[in-house]
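*Asks:* using only what follows, build the 3D model:
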Amino acid sequence: MSTVDNGLIQLHLGVGSFHRAHQAVYMQNLHEAGDESWHLVGGNIRPDMEDTINTLKAQKGEYHLETVSPAGERQYQKIASIKTLVEWDAKLAGLIEFAVNPNTRIISFTVTEAGYYLDEHHNLDPKLADIKSDLAGDTRCTIYGAMSALLSARMKSKAGPVTLMNCDNLRSNGHRFYGGLIQYLQLSGEAELLEWVENNTSAPDSMVDRITPRPTPEVVARVSGVVGVLDQAALMSETFIQWVVEDKFIAGRPSWQNVGVEMVADVMPYEEAKIRLLNATHSCIAWAGTLRGYQFIHEGAQDPVVRQLAYNYVTDDVMPCLDSEEHPSPLNLADYRDVVLERFSNPNVEDTNQRVVMDGYSKIPGFILPTISEALAAGRSIDAVAILPALFLAFIKIQQRGKLAYTYQDAAMPADNPQRYCNAEDSILSFASEPLLFGQLAGNVELVAALRLAEAQVNNLVKIEL
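*Replies:* Okay, the predicted model is just below:
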């Protein structure tokens, strides 16, 4: 396929469905508006998406995106903004080739919450196997090991400063990634590279939002039928799209503000609203929907019992945390809540519970624990938010007993950890005492009491025998 011969480059790590339905779309929209000064180059730091890369390369990086509204209106767009796709190799030589290109001014990446390997204090956990392997030089499979290799080569080539841009759901993602990277470089003893990174990189925070299910053969067939060519890389997403980015770029950036990206000084208010009102609610509906025997998110969102749990969680416990006289929210949180529930109810998206429930051991502390902590500190009830970890406990009990209808993936969940509280005489107390999930609140008396009340509600909605 074609390569980037001129113009500035955004090198993206993680060419999955979300990137192709989100950041690549914004770049495509810039190109269609007549601004082709920047292009995307994409690759992966692990060998787990070779089929996707090969399919895209065979199609010269081009594919079609189908978007669908809650009313069922479908639109189609050809995306051709990814100009080069890099094949994976263990030494990341293909990615390094672009990392040392002076025209590469942004290295962006999409990583799952568990992919940051941070503990409850947001520090890098060097005891984890992948981190240990990367630090030993055996692999480059984490974002830190890969970025270290890319930035070391860039430093030696004197290619100049570069922005490191997160495109994922981790709260304060730029700040936390940067902290993890600095700790990784300290542990690796790369003093020269550490100094270079501190002086030649920036890491803006960002908030990204667009529901993008995993592509299916049905999507490929439907899109190909509409556009008139076989598109094996076709994918679909909802119509809604949002991107809020801290305007902190050390080496320039595309004019994203011209195509709807919100470039702001502080991402935090948008980020907190999205993480707590959307991401946590998404998990709530996925856990509850699974327990009710559903396969898709929209089935749970349309179930009055499940929808009320999600509504109460946001209204009773989240909104008081995010909107006060001292710290008013820049968003209308009630409107945002209603839009989120409408989006989740969209039957045309067919987003699966299996996709959304992934990495609960990262989502409980990341998406849900802050609301519990702040509500308790303010002396407010946590009855509504306690439903969410209680749902997760019921979900894990089903998973551990082999009654889950699909495979559950959780990179941060120790293999023997859930068995301990699932088999405990007092499973609520054992679960509530887990520091991996509840941090400093582990064993908190008020948390335990709220979870006991929540357990009774959860047991009433479950349609699968626990």
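*Asks:* what about I297, neighbour count?
*Replies:* Neighbour count of I297, defined by other Cβ atoms under 10 Å: 26. The C-beta positions use only the backbone N, C-alpha and C, and glycine is treated the same way.
*Asks:* meant to ask about D168, not that
*Replies:* Burial of D168, expressed as a neighbour count using other Cβ under 10 Å, amounts to 20.
*Asks:* so it is in contact with E113, correct?
*Replies:* Yes. Applying Cβ atoms under 8 Å, one finds D168 in contact with E113, separated by 7.5 Å.
*Asks:* list the buried residues of the host helix or strand of A149.
*Replies:* Counting by DSSP states H and E, the element that carries A149 is helix 143-157. Of the residues in helix 143-157, those scored as buried under the neighbour-count criterion (16 or more other Cβ atoms under 10 Å) are 143-155.
*Asks:* so where's the chain uncertain?
*Replies:* Low-confidence segments of the chain, defined by pLDDT under 70, span residues 1-5, 466.
*Asks:* what segments of it are strands?
*Replies:* Under the criterion DSSP state E, strands of the chain are mapped to 8-13, 38-43, 63-68, 74-79, 82-85, 104-109, 162-166, 201-202, 206-209, 235-238, 242-246, 262-264.
*Asks:* so which of the ones you listed is the most surrounded?
*Replies:* Comparing the strands of the chain on average neighbours per residue, with mean count of other Cβ atoms under 10 Å, the densest one is strand 38-43 at a mean of 26.
*Asks:* what is that one packed up against?
*Replies:* Helices and strands in packing contact with strand 38-43 are listed as strand 8-13, helix 23-32, strand 82-85, helix 93-99; criterion 3 or more Cβ pairs under 8 Å, 6 or more residues apart in numbering; DSSP states H and E.
*Asks:* only the C-alpha atoms, please, for the first one, written as CSV.
*Replies:* So the one you mean is strand 8-13. Coordinates of each C-alpha in strand 8-13 appear next as CSV, following Å, rounded to 0.1, in the frame of the first residue of the first chain:
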residue,chain,number,x,y,z
LEU,A,8,3.4,15.3,9.0
ILE,A,9,2.7,12.0,10.7
GLN,A,10,0.7,10.7,13.6
LEU,A,11,2.0,7.2,14.4
HIS,A,12,-0.8,5.3,16.1
LEU,A,13,-0.2,2.1,18.2
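*Asks:* neighbouring strands for it, and are they parallel or not?
*Replies:* Note on strand 8-13: by DSSP bridges, its sheet partners are strand 38-43 (parallel), strand 104-109 (parallel).
*Asks:* now the angle from it to helix 143-157?
*Replies:* 150 degrees (axes from the mean of the first three to the mean of the last three Cα atoms, to 10 degrees).
*Asks:* kindly reformat the buried residues of helix 143-157 as a markdown table containing distance to N459.
*Replies:* What follows is those, written out as a markdown table (distance: Cβ to Cβ, whole Å):
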| residue | distance to N459 |
| --- | --- |
| I143 | 40 |
| Y144 | 42 |
| G145 | 44 |
| A146 | 44 |
| M147 | 45 |
| S148 | 48 |
| A149 | 50 |
| L150 | 50 |
| L151 | 51 |
| S152 | 54 |
| A153 | 55 |
| R154 | 55 |
| M155 | 57 |
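*Asks:* list the contacts of the helix holding A149.
*Replies:* Surrounding helix 143-157, the residues in contact under the criterion Cβ atoms under 8 Å, 6 or more residues apart in numbering are 13, 45, 91-92, 95-96, 99-100, 107, 109, 111, 115-117, 124, 131, 133-135, 139-140, 160, 162, 164, 177, 180-181, 184-185, 188, 190, 192-193, 196-197, 200-201.
*Asks:* return the subset of the residues you listed lying in helices.
*Replies:* Among the contacts of helix 143-157, the ones falling in helices (DSSP state H) are 95-96, 99, 131, 133-135, 177, 180-181, 184-185, 188, 192-193, 196-197, 200.
*Asks:* out of those residues, which end up buried?
*Replies:* Members of the ones in helices among the contacts of helix 143-157 that pass the buried threshold by neighbour count (16+ other Cβ under 10 Å) are listed as 95-96, 99, 131, 134-135, 177, 180-181, 184-185, 188, 193, 196-197, 200.
*Asks:* so which of those residues is the closest to Y294?
*Replies:* Of all those, Y294 sits closest to F177, with 34.4 Å by Cβ to Cβ.
*Asks:* which residue packs closest to the closest one, ignoring adjacent ones?
*Replies:* Taking Cβ to Cβ, 6 or more residues apart in numbering, and ignoring the residues beside it in sequence, F177 has N166 as its nearest neighbour in space, at 5.5 Å.
*Asks:* ok, that neighbour - contacts?
*Replies:* Remark: with contacts taken as Cβ under 8 Å, 6+ apart, N166 is in contact with 108-109, 111, 173-174, 177, 203-206.
*Asks:* can we see that at 10 Å?
*Replies:* For N166, the contact set (Cβ atoms under 10 Å, 6 or more residues apart in numbering) comprises 108-111, 116, 143, 172-178, 203-208, 245.
*Asks:* same question for T281.
*Replies:* When the contact criterion is Cβ under 10 Å, 6+ apart, the partners of T281 are 301, 307, 309-311, 313-314, 318, 337, 340-341, 344, 367, 388.
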